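Undergrad: Below are the sequence and a predicted model; questions follow.
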Amino acid sequence: MVEHAGPIVRVRSLSSRLNRDVYLVEDRHGQIRVFKLHRNLTSKTIADFLDVRTRLSKGPTNGHLKPVLAFGGDHSTVWEELPPADDAENDVIAFDEYSPLHPQRSNSASKDQSLELAVEVGFAVCSALVVLAGMGLTHGDVKRTNILRINGRWVLGDFDTVCSNSVENPPTASTEGYVPPGGDDGGGRDCYALGKLMYELWTGCDRLEYPTMPSWLMKSRWNRADRLLNDTICRLCSPLATRRLRDIEAIQRVLNALEHRDQLAIKQAETLVRSRRPQWKLPLVILGMVGIALVVWLYATTMRFELWDGQPVVFSSYRHPSGINNGYVRWGNNGIRNVWMLFNTHATLSKPLQQNEVLEFSLKKEVWRGHIGLYLSTTPFQALRDQLFSHRENFGGIDHLLFFHVDGDSLVAPTIFKDGKAVEFPFSNWNIALTNNTLATYTIQLKVMPNEYLWSVSAGGVHLAEGHYLRDPSKPEYLNIYTFDNTVCYLSGLKMAKRNSD
Amino acid sequence: MNCETTDLNLLKSLKDIENTDAWSRFDQLYRLPIVTQCRSVGLTLDQAEEVVQECFIKWFRYLPSFEYSAAVGRFREWLNLTVNQLIAGHFQASIRSDQLKTAYAALVRNFSGTDGEPTGSPSVFEYELITMAFRRTQAEVEPKSWQVFEAYVIHGLKSNEVAWQFGVSAISVRVTTHRVRKILQRNWRLIQEGPF
């Protein structure tokens, strides 16, 4: 080294660590030079040092790697000459006061200035790493103090940990906060450290504070570039190695877009940086939404329905503001068969009646007071917005044919209501075979003929009455059961069959 | 921790400060959990080693005169408190502004279930505990999720403002915040229950 440096006028130690010293030297020509010495090295380490320096000095450069001006070594000591960096304090290097300039966010810097510094330095480091990667090398110790300004450009220096990226155990410096959690190989480590470096320069925070954002930055309105830089840092420094961005050339493209504020390039960079959700997530979300919709639909269409001997039936019970005489429905067994017990309630078979259908079931009125009945309507009672529980002429205000009606203990003639007014039921359509005031169980059979309804009423096997009325096949009609005025009705034994049309 | 209950024989042996075997066994049992706890809240290895030293100095002074009584309180709870207080010392200067203090205090009250109660300000140790939980959570969640949480809860930005900053939806801000808060609360509790 002495041979290379020639006669030395002045020497100043810039830094001294175990077996490694950096000297500022003024030669006889008054030139300021920087030499770095490594002592007590093994032959393997010396060979690695010489190999890396040879590759660095012969390889391509893009001006972002600190040049190695000369290097050499003997038994256990090696040296390298490096260009002096710009002075942090003076325009011209002052030998006694010299300290190299490292990137640092000024406290007075605006949000945009901070971003510019972070992007400028980040791009320089990234470009240096691309060159190293091209030579098959990784840096291993990217950090703020290893970045210097030489002739107005930011360059990456300190090649002590540079090694081939094929080395199994690279000699990395373990600077706290620049090392990815769980460790990483040289390339991944460099990318992680680059993210931390940009974080420090952008936010002014210490790398150990990552990912905290300072208040001044959080409270200033971000633009697209801020968002992209933050996303890039987040991807570089993700705690999960699998989510970390490691493609150094891709990172360079992103930083280039940010540096030049090229909107098209920024848009492409956003796509590159923003981690896409795993592809299975979208179908899963859609599936989930379909599932929820299905549940809601089932609830709206089925779950509200009960089954009466296999047929869906909807109950609408009377509700009083103070809860007086509120209607209810109970499902139980009378010792012989299952029955529905209704109190102040309308029940509707939810499927409209079909042509040729034959329905048969039993009704029993529990007490003398009140009414029970069966009616046909084109509007099912439960579909009414304002359900009105009242006497036959008024309930719900719906048009209907009340074809079976027990008032007290009397079977009374059918009635028709249209637009809230009674329409005369043809006397000839209703034949009473036997007048029998009873609270016995009535059995009703209803046949849906092509153009009319036929029904018969019996009790205890005795035929009581029968009726028929015109049917409009174009209008679907529903069968409703009516229990009103504080009475109880038992429904049981629904049978449904199709008769042959011929 | 690999000892489910306090080893009373070991405790008795520790009364003799010359008993190197006992102290060596104690070191073997208790050093690693302390370091793990320190690292989990973001202390460096040097800081963790410092905490270990401080713990052992404290225990070295106290244990020879220690009388074990299960009724008074579990030995391990006392050890946990000692360790956490010493770790917390490293976070003393981290709560700088009044705004941060207010936000931290709200979280402490919320986590300890004293929301709305007329309680005083949290103690310095409680502030430090929540800071430790912050560090542990930061290492666990995605950086952006943490930033969203911090902007909404600590910096007090509105959900639509946070959404703008990070280019996400306001609903996503609330969901992320809720998720991070849950993790934070869990870590806050775990720290107090550890390292032993």
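TA: Looks like it came in fine. Numbering: from 1, shown residues only, chains lettered A, B, ... in the order given.

Undergrad: mean confidence score for stretch B:75-83?
TA: In this model, stretch B:75-83 has a mean pLDDT of 84.

Undergrad: in that stretch, what counts as buried?
TA: Neighbour-count burial for stretch B:75-83 flags B:75-76, B:79-80, B:82-83 (criterion: 16 or more other CB atoms under 10 Å in any protein chain shown). Backbone N, C-alpha and C define where each C-beta goes, glycine included.

Undergrad: now stretch B:123-130
TA: Here stretch B:123-130 shows B:126-130 as buried, counting by 16+ other CB under 10 Å.

Undergrad: Throw those into JSON lines and include secondary structure, thanks.
TA: Shown next, in JSON lines, are the buried residues of stretch B:123-130 (DSSP: H, G, I helix; E, B strand; the rest coil):
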{"residue": "B:126", "secondary structure": "helix"}
{"residue": "B:127", "secondary structure": "helix"}
{"residue": "B:128", "secondary structure": "helix"}
{"residue": "B:129", "secondary structure": "helix"}
{"residue": "B:130", "secondary structure": "helix"}
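
Undergrad: List just the nearest of these to residue A:256.
TA: residue B:130 (41.0 Å; CB to CB).

Undergrad: For residue B:34, which residues are in contact?
TA: B:48, B:51-52, B:55, B:83, B:195 (CB atoms under 8 Å, 6 or more residues apart in numbering or on different chains).

Undergrad: what residues does the helix or strand that contains residue B:80 touch?
TA: Using DSSP states H and E, residue B:80 maps to helix B:75-88. Residues from elsewhere that reach helix B:75-88, judged by CB under 8 Å, 6+ apart: B:1, B:6, B:11, B:30, B:34, B:37-38, B:41, B:43, B:51, B:54-55, B:58-59, B:68, B:125, B:128-129, B:131-132, B:191-196.

Undergrad: Could you list which residues are in contact with the residue in the stretch 201-350 of chain A positioned nearest to chain B?
TA: Across the stretch 201-350 of chain A, no residue is closer to chain B than residue A:211, which sits at 3.6 Å (CB to the nearest CB). Contacts for residue A:211 (CB under 8 Å, 6+ apart) come out as A:199, A:233-234, A:237, B:138, B:143-144, B:146-147.

Undergrad: For it, give me phi and psi.
TA: Main-chain dihedrals, residue A:211, degrees, to the nearest 10: phi -100, psi 20.

Undergrad: what's the nearest residue to it if we skip its chain neighbours?
TA: residue B:143 (3.6 Å; CB to CB, 6 or more residues apart in numbering or on different chains).

Undergrad: Flag every residue of chain B that's near chain A.
TA: Within chain B, the positions lying close to chain A (CB under 8 Å from any CB of the partner chain) are B:42, B:44-45, B:97, B:99, B:138-144, B:146-147, B:150-151, B:155, B:157, B:164-167.

Undergrad: I'd assumed residue B:181 was in contact with residue B:141.
TA: No - using CB atoms under 8 Å, residue B:141 makes no contact with residue B:181, being 10.7 Å away.

Undergrad: Now for those two: what residues contact both?
TA: Common contact partners of residue B:141 and residue B:181 (CB under 8 Å, 6+ apart): residue B:149.

Undergrad: Stretch A:158-167: which residues count as buried?
TA: A:158-163, A:165.

Undergrad: and of the buried residues of stretch B:123-130, the nearest to chain A?
TA: residue B:130 (13.8 Å).

Undergrad: Identify the residues contacting that closest one.
TA: Here residue B:130 is in contact with B:104, B:107-108, B:111, B:122, B:188 (CB under 8 Å, 6+ apart).

Undergrad: ok, then the element right after the helix holding residue B:80?
TA: helix B:98-111.

Undergrad: quick one: low-confidence parts of chain B?
TA: B:1-6, B:68-73, B:92-96, B:116-120 (pLDDT under 70).

Undergrad: tell me the domain ranges of it?
TA: Split into domains by automatic domain parsing, chain B comes to B:8-92, B:95-193.

Undergrad: Quick one: those as JSON lines, columns for distance to residue A:388 too.
TA: Supplementary listing: these in JSON lines, determined by distance: least, CB to CB, whole Å:
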{"stretch": "domain B:8-92", "distance to residue A:388": "67"}
{"stretch": "domain B:95-193", "distance to residue A:388": "42"}
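
Undergrad: Buried deepest among those domains, which one?
TA: Using mean count of other CB atoms under 10 Å in any protein chain shown, the stretch among the domains of chain B with the largest mean neighbour count is domain B:95-193, at a mean of 17.

Undergrad: Chain neighbours aside, what residue packs nearest to residue 126?
TA: Just going to use chain A. residue A:252 (4.5 Å).

Undergrad: Chain B is the one I meant
TA: Beyond its immediate neighbours in the sequence, the residue positioned closest to residue B:126 (CB to CB, 6+ apart) is residue B:108, lying 5.1 Å away.

Undergrad: Next, the angle from the longest helix anywhere in chain B to helix B:98-111.
TA: If you go by DSSP state H, chain B has its longest helix at helix B:170-193. Angle between the axes of helix B:170-193 and helix B:98-111 is 70 degrees (criterion: axes from the mean of the first three to the mean of the last three CA atoms, to 10 degrees).

Undergrad: Sounds good, over and out.
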